[in-house]
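Visitor: this is a predicted model, with the sequence first.
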Amino acid sequence: MSVKNKYTIALGAILLCIISGILHKNVKLGTSASNKSPLSVSIMTVSKSKTATVLKSIGTAVSNESVDIMSNVTQTVASIHFTDCEHVKKGQLLVQLNINKKTAEKKQAEINLVEQRREFNRLEVLKKKKIIPEKDYDVQQTKLLDAQAKLDGINADIKESSIVAPFDGILGIRKISIGALLTPGSVITTIDDIDKLKVDFTLPEKYNLFLKPNLKIIAKSVVLEGKKFEGDILAVVPRVSPVSRSIAVRGIIDNRDHLLKPGMMLKISIKLKDREIIQIPEKSLSSIGEKHYVFVLSENNKVKRRYVSVGIRNNGFVEIEKGLNVGDKIITDGTSRLSDDDLVTVVKDETEKLCKR
């Protein structure tokens, strides 16, 4: 036998051994898979239940009304009629600017107005008697109106020199002194209405359908333990943030005791109306990326993966919007070991325990 033939026979024998080994291994694995023991699991039967969902968020307190009090004219401060952080009423005088020059101008304008009115009355009599041309009467009427307009303008300037509170509120720190020259835009102090406080917060976009104006809210502060502040949703912004996928909401809460201050962090709770929904334990829910699924028990004790749409999560349970029906039996414990068509043994039915939570 030639050397070439010897090599050919040896190579064939090696290949035959390899193929036999592979086939033996596959047969062994198949036999092992077919003899796989059923996995022990816990289940619950899906049902509908009434639930009162509570939405929670973190918000920031904002004054109901808040402005910087400023001067509209250029003038020196003649007198100050408030103290730091004083409670004031709408229309209360805060600062009086110097009006000596305007007062003199007002007296002169008043004298001119009296004179122009007297002359107008005289010409009106002459016009009725047709002694003077109508043009002279019209000219004097214009002079009278001009005199009245000048006096009104001076009175407006004097009024602007008296700076008053625009609404009831609490003043801030005084930032001026007597004799200071104020110009338009000069800040005198601040004023805040905090009898009620607005609170701004956000919630995930999936709660959009539940959020309505006048829905009741409860606010709590970390610095006032045990104290609750009640209020309502004032407005829901009609746009969803494309970055955070959240909705901006503004509420308004009662703060007549002035315990809360603008800028404080508040914990917000919103209790929704009772609804009948399907809820399952969060531990029974699995995810692949953004997709959620559960394992449903079939009649032959095998499990099937079923994708579901989830809603609100609350106290360890999650709402199922689509994908499950009343009466379905889902796996609640042991899901991490399961795959489609796995055979299982039910060792515990948690339906009664979970429904009585």
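Guide: Right, received. Where do you want to start? Numbering: from 1, shown residues only.
Visitor: residue 117 is in what secondary structure piece?
Guide: Following DSSP states H and E, one finds residue 117 within helix 100-128.
Visitor: so what touches the helix or strand hosting residue 307?
Guide: When elements are assigned from DSSP H and E, residue 307 belongs to strand 303-314. Residues outside strand 303-314 that contact it (Cβ atoms under 8 Å, 6 or more residues apart in numbering) are 41, 51, 53-55, 206-207, 277, 282, 285, 291-298, 318-324, 331, 338-342, 344. C-beta here means a position set from N, CA and C on the backbone, and glycine is covered the same way.
Visitor: got the CA positions of it in PDB?
Guide: Extracted C-alpha coordinates of strand 303-314, given in PDB (Å, rounded to 0.1, in the frame of the first residue of the first chain):
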ATOM      1  CA  VAL A 303     -45.600  29.300  29.900                       C
ATOM      2  CA  LYS A 304     -45.800  31.900  27.100                       C
ATOM      3  CA  ARG A 305     -44.200  35.300  26.900                       C
ATOM      4  CA  ARG A 306     -46.800  38.000  26.400                       C
ATOM      5  CA  TYR A 307     -46.000  41.700  25.800                       C
ATOM      6  CA  VAL A 308     -48.000  44.200  27.700                       C
ATOM      7  CA  SER A 309     -48.500  48.000  27.900                       C
ATOM      8  CA  VAL A 310     -48.000  49.400  31.300                       C
ATOM      9  CA  GLY A 311     -49.500  52.500  33.000                       C
ATOM     10  CA  ILE A 312     -49.100  53.900  36.500                       C
ATOM     11  CA  ARG A 313     -46.800  52.300  39.100                       C
ATOM     12  CA  ASN A 314     -47.900  52.500  42.700                       C
END
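Visitor: partner strands of it, with direction?
Guide: strand 291-297 (antiparallel), strand 317-322 (antiparallel) (DSSP bridges).
Visitor: which of these sits closest to residue 62?
Guide: Residue 62 lies closest to strand 317-322 among the strands paired with strand 303-314, at 32.0 Å (Cβ to Cβ).
Visitor: could you dump whatever helix or strand comes next after the closest one to PDB, C-alpha only?
Guide: Remark: after strand 317-322, the chain's next helix or strand is strand 329-333, criterion DSSP H and E. C-alpha atoms of strand 329-333 as PDB (Å, rounded to 0.1, in the frame of the first residue of the first chain):
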ATOM      1  CA  LYS A 329     -52.800  33.300  35.200                       C
ATOM      2  CA  ILE A 330     -49.400  35.000  35.300                       C
ATOM      3  CA  ILE A 331     -46.100  33.900  36.800                       C
ATOM      4  CA  THR A 332     -45.200  36.100  39.800                       C
ATOM      5  CA  ASP A 333     -42.100  34.400  41.100                       C
END
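Visitor: strand 329-333 packs against which elements?
Guide: For strand 329-333, the packing partners by 3 or more Cβ pairs under 8 Å, 6 or more residues apart in numbering; DSSP states H and E come out as strand 39-45, strand 275-281, strand 291-297.
Visitor: what average pLDDT does that strand get?
Guide: Throughout strand 329-333, pLDDT has a mean value of 90.
Visitor: from residue 137, how far off is residue 129?
Guide: Computed with Cβ to Cβ, to the nearest Å, the distance linking residue 129 and residue 137 is 12 Å.
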